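> have a look at this prediction, sequence included:
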Amino acid sequence: MLQHTVVHHGGHHTVTGSCHELKWGASSLLIDCGLFQGNERSEQSLEIDFSLDSVCGLVLTHSHIDHLGRLPWLIAAGFRQPIYCTPATAELVPLMLEDSLKLQTSLTAKQSSKVIDVIKQLMVPMEYGHWYSIDWFNHNSADIAYFNEWSVDLRFNPAGHILGSAFIECRLPNEDIVVFSGDLGPTHTPLLPDPISPPRADYLYIETTYGNKCHESVEQRSMRLAMIIDRSLADGGVILIPAFSVGRTQELLFDIERLIHEHDLQPDIPIILDSPMASKVTESYRHFKMLWGKEAKNRLSQHRHPLAFEQCITIPDYASHLKLVNRLASTGEPAIVAAASGMCEGGRIIDYLKALLPDSRTDVIFAGYQAVGTLGHELQSGQGHVDIDGVQVEVNVHIHSMSGYSAHADKEDLLRFIQGIKEKPKSIRLIHGVKTVQEDFAQELKMLGYDVES
Ligand SMILES: [Zn+2]
């Protein structure tokens, strides 16, 4: 009898470049098509090096670049099948790609917008919680063999990772349910609801970014943030937060709003969101308020604006950005600045780092995962000098790493998700993680009686 297989084109033993192909007979579906980042990028080519003949569609779990960044290359390779994702992801995808294409390719703005238009036309938004039936049918293939009577049912479910993120249930023609976790969020974050385990998952493909770590709690992270901010404001200088435009930035804004509201954080300190992309994404978060978690909705009902409060200043154009960097560097006046990119791989944070790393009054807060090979990782590992654009920059700042702002589930969250599935999956395959972490997590699962492959 026909069984599914899954081929990994990235994101198996890596934390970036997610791309999995779910095969059924002569047909297949891609789950994500992400970009490799950090060291993983130099080891991998961006070219689509697998055949698209049998591919009937692409399912996007969420809008992070390591899950969709190879889309332009997929289009270049001739892909013209439907792209299934949630409505919020559909709104975020063009923003993310616009930004990524600026950094990644030599395409002109006009060429980039053409590619993005093609992608927009292929997108088929699917609401959370509904089963949708799609045909295993390659629209480009002349071979009638691909047009068969099979269909696959898809259901998107909130993953609690970022706005619009989903884990996907795929019901195959033989009634097997294959679940792809995408990136799962941690539990108890105030902005998004917790992921709820699927009722059934015969085959589970689950991310393991933090399969051997436990994050600090949401309460601990707020307290630590308050302490870092207090201490840092006492000696002046700037607090820099390299921010991932989607997810972390909004969580941070959310907590800073609380600190202002409940803990009398220095009321006149400017909170600067210097990332046009993060500002746009924050607007999307506000637009999709109905997807927020309970606490966030409560704040709205108290007429608070957790993602658009008074002290939060956004910097639209590049000239104002440069002026601000120079002003902060020369005056040392206190400010909290969140700027992209999150791993310091480019974006406006670079100008701040060049100007402020030598100043011992500066604090840098890392709120997300720093892949090996990125400037963020170098700074996090405490190097005294770093190379930025070919210039050696002295590092005298205080570095803080806060795991509590991770948008990823930790070990406990992953175990809870798996144990929440009523009937044990026939097989669990660990993906989207570093091999050693996967081995540790596999060991843990085996002790609990699960059939697992890392
Ligand atoms: Zn993600």
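All right, it came through fine.
> the helix or strand residue 84 falls within - contacts with which helices or strands?
Residue 84 belongs to strand 83-85 when assigned by DSSP states H and E. Where contact means 3 or more Cβ pairs under 8 Å, 6 or more residues apart in numbering; DSSP states H and E, strand 83-85 is packed against strand 55-59, strand 123-125, strand 151-158. C-beta here means a position set from N, CA and C on the backbone, and glycine is covered the same way.
> can I get these in CSV including distance to residue 220?
Conversion of those to CSV gives the following (distance: least, Cβ to Cβ, whole Å):
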stretch, distance to residue 220
strand 55-59, 35
strand 123-125, 37
strand 151-158, 24
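> need the ones you listed in a markdown table with mean pLDDT and distance to residue 215, can you?
As requested, those are exported to a markdown table (pLDDT from 0 to 100; distance: least, Cβ to Cβ, whole Å):
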| stretch | mean pLDDT | distance to residue 215 |
| --- | --- | --- |
| strand 55-59 | 95 | 28 |
| strand 123-125 | 97 | 31 |
| strand 151-158 | 95 | 19 |
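> out of these, which is the most enclosed?
The highest average neighbour count among the helices and strands packed on strand 83-85, using mean count of other Cβ atoms under 10 Å, belongs to strand 55-59 at a mean of 24.
> relative to the ion, how far out is the residue nearest the centre of the chain?
Among the residues of the chain, the one closest to the centroid is residue 64, at 4.0 Å (Cα atoms, centre = their mean). Distance of residue 64 to the ion, computed by Cβ to the ion, to the nearest Å: 3 Å.
> doesn't residue 32 make contact with that residue?
No - taking contacts as Cβ atoms under 8 Å, residue 64 lies outside contact range of residue 32: 9.3 Å.
> how about the helices in the stretch 351-454 of the chain?
375-380, 411-419, 435-447 (DSSP state H, counting those that start in this stretch).
> looking at those, which is closest to residue 76?
Closest of the helices of the stretch 351-454 of the chain to residue 76 is helix 375-380, at 28.7 Å (criterion: Cβ to Cβ).
> hmm, back to that, chain center to the strand holding residue 84: distance?
Here strand 83-85 is found 17 Å from its chain centre; the criterion is Cα atoms, centre = their mean, to the nearest Å.
> mind listing residues that contact it?
57-63, 71, 93, 119, 122-126, 132, 134, 154, 156, 164, 166 (Cβ atoms under 8 Å, 6 or more residues apart in numbering).
> that strand pairs with which strands, and in what direction?
The strands beside strand 83-85 in its sheet (DSSP bridges) come out as strand 55-59 (parallel), strand 123-125 (parallel).
> what does the last one contact?
With Cβ under 8 Å, 6+ apart as the test, strand 123-125 has contacts from 82, 83, 84, 85, 86, 87, 89, 90, 93.
> ok, the closest residue to residue 322 other than its chain neighbours - how many residues close by?
Closest residue in space to residue 322, ignoring its immediate chain neighbours: residue 351 at 6.7 Å, by Cβ to Cβ, 6 or more residues apart in numbering. A count of neighbours around residue 351, defined by other Cβ atoms under 10 Å, yields 19.
> now do residue 79
Count around residue 79 with other Cβ under 10 Å applied: 21.
> again with residue 10
With other Cβ under 10 Å as criterion, residue 10 counts 23.
> all good on my end, thank you.
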